[in-house]
Every structure is written in C-alpha cells, then in structure tokens.
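[1] predicted model and sequence follow; I will ask about them next.
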Amino acid sequence: MSVATVCLLMLALAGCAQPEPDLTSTRSNAAGVEPAATQSPESESAESPEGATVEPAAGAPDPCAQPDAEVIAALAGVELEPHLHEVSGVPACVWGNLNGTGVQVILVGAERWATQLPAIFEQLLAQPQLAETLSEDELANIEDITAAIEAGEEIDSTRACEMFSLMLVADGQPEGENFTVKIVPSAADPQAITAQGCIEGTFSSVLLVKPDLTGGADEVEQVGDAVMSLLDAS
C-alpha cells in the first residue's frame, strides 16, 4: 500500500510522518472553545478505487469546487483533472493520480470526520508511548465518544475539533493547536506532504504527492496555505 493511500485522511501519529518541518496555528474557535486540529490514523478500508466515479449526495456541496484548478496546478506543478472520491465514507476530491502526481482535498464538517474516531483511538491506544500521554479524564472522554459513535450518535462538530486537537497533543505537539503540516514519511525521504486543520467545526486536509517532491520549506508552506485558505473560506 502506498504512502498516499495510508495517509489519505488522517496520519498515523507515530510512523506515517515525522514532525519536521511542522507549521502550526492557534486560531480561536468562534464558539469560545479551545481551537483544535489533529493528524491521526486513517482507516484504510472503504476507500474508492483509484479513478472510480463517486456521485455526490443530493444537495451536498461539490468536493471538487474548492480550491480551483489554478491553485491545484500551482501545488502540483502541472494541470490536473479532478474526480470525486471517498475515504472511509468521507467525501473527497482527487486531482490527478495519487500513485503519481496528485492532490487530494477534503473539506467537511468536523462531525463527518469524527465518524473515523473509533478507529483512530484504537490505533492511538495501541501505542503505549502515545497512550501514556493521555490523562484519565482524556481517556474517559475517548471511551465516551467511541461508545457514542459506535451507537450511531453524531458527535458535535466543536467537540470533534477538540478531539482533533487532542490527537496533536498525543503526537507531542503543544495544546491549543488546530493545524499541522507534515512530510510523509519523513523529511529525509519526502514522498508526500499533508496538511490538516480543524477550525470552528470544519475539518480540511490537503495531500500532495509527486515524484519530484523535495520536502522544502516552500512546498510545506504552500500545502499549509492551501488548507488554511479552505478553512478561512468555509
């Protein structure tokens, strides 16, 4: 399985990416809650086959509407064609080909992202060095949210962003961050760059994959700016 596939939606906290270079933002949540964002493990099942046609739900926004083709071309270095995509039931847009040169964009309500939390928590708690960073209250919160989601309940978008922030803390980042950019699998071996943020109840991620990726600061900043532009406009 390619790095692009493993990191489509959420990064594994210990192994999918290294924390350098890393850009963070602490933009305040409009609801007055501590701002939140996280990179976390991703479920590898339920992903649509590359090139498959996915029809958007009636009345749902077009995942390929933002950003526009010009922004994507600036990221990839070439013009790319978009197609609708799904990652574990979460709508996405893939421009180009993630096995070659491609950009994947996700922009959804954080409650939609939160449907992946039980799988994320399972992977998190399986890693003792990460699980040990969590307090008893945080562990209890994880148990409550897991039980609620598995019972079919929808997690409030603000609370979902709080969980995203908790994932960043477990990844060794300071509290209060809501945004992160990472090189996959590491700065020494750049195969992809992914940026993710969860701000004011909206989750967004941008994944850039291309053969000539350098992992330089300009590329990292460009991918990070793409996510923040999506979140600012939502």
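    All right, it came through fine. Numbering: from 1, shown residues only.

[2] could you list the low-pLDDT ranges of the chain?
    Scanning the chain for pLDDT under 70 picks out 1-61.

[3] which parts of it are strands?
    82-87, 90-96, 102-109, 179-186, 189-199, 202-209 (DSSP state E).

[4] the residue of the chain positioned farthest from its centre and residue 111, how far apart?
    Distance from the centre of the chain peaks at residue 136, with 26.0 Å (CA atoms, centre = their mean). Taking CB to CB, to the nearest Å as the measure, residue 136 and residue 111 are separated by 26 Å. Placement of C-beta: from N, CA and C, glycine included.

[5] before we move on, what about residue 181?
    24 Å.

[6] leaving out sequence neighbours, find the closest residue to residue 83.
    residue 94 (5.8 Å; CB to CB, 6 or more residues apart in numbering).

[7] these two touch, right, the one you found and residue 87?
    No: if you go by CB atoms under 8 Å, residue 94 and residue 87 don't touch, sitting 9.5 Å apart.

[8] just checking, what packs against the longest helix along the chain?
    As assigned by DSSP state H, the longest helix anywhere in the chain is helix 217-233. Helix 217-233 sits against helix 69-76, strand 102-109, strand 179-186, strand 189-199, strand 202-209, with contacts defined as 3 or more CB pairs under 8 Å, 6 or more residues apart in numbering; DSSP states H and E.

[9] before we move on, the earlier item: overlap of the contact sets of residue 94 and residue 87?
    Listed as contacting both residue 94 and residue 87 by CB atoms under 8 Å, 6 or more residues apart in numbering are residue 104.

[10] which one's more surrounded, these two?
    residue 94 (28 against 24; other CB atoms under 10 Å).

[11] partners of the more buried one in the sheet?
    residue 83, residue 104 (DSSP bridges).

[12] can you name the residues that contact it?
    If you count contacts by CB under 8 Å, 6+ apart, then residue 94 has 50, 82-83, 85, 102-105 around it.

[13] could you report the distance from residue 126 to residue 224?
    29 Å.

[14] what of residue 136?
    Distance from residue 136 to residue 224, by CB to CB: 34 Å.

[15] again with residue 200
    From residue 200 to residue 224 the distance is 18 Å (CB to CB).

[16] residue 166 now?
    21 Å.

[17] quick one, which of the two is more surrounded?
    Each of residue 166 and residue 224 has its neighbours counted (other CB under 10 Å); residue 224 has more, 25 against 22.

[18] between the two ends of stretch 111-123, how far is it?
    20 Å (CA to CA, to the nearest Å).

[19] which of the residues in it are buried?
    111-121, 123 (16 or more other CB atoms under 10 Å).

[20] just checking, residue 206 touches residue 229?
    No: Residue 206 is beyond contact range of residue 229, at 9.5 Å (criterion: CB under 8 Å).

[21] and these two? Which one has more around it.
    residue 206 (28 against 15).

[22] pull the contacting residues for the more buried one.
    Contacts of residue 206 by CB under 8 Å, 6+ apart are 75, 103-106, 194-195, 223, 226-227, 230.

[23] output these as CSV; include the columns neighbour count.
    Shown next, in CSV, are the contacts of residue 206 (neighbours: other CB atoms under 10 Å):
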residue, neighbour count
75, 23
103, 24
104, 24
105, 25
106, 24
194, 28
195, 26
223, 24
226, 24
227, 28
230, 23
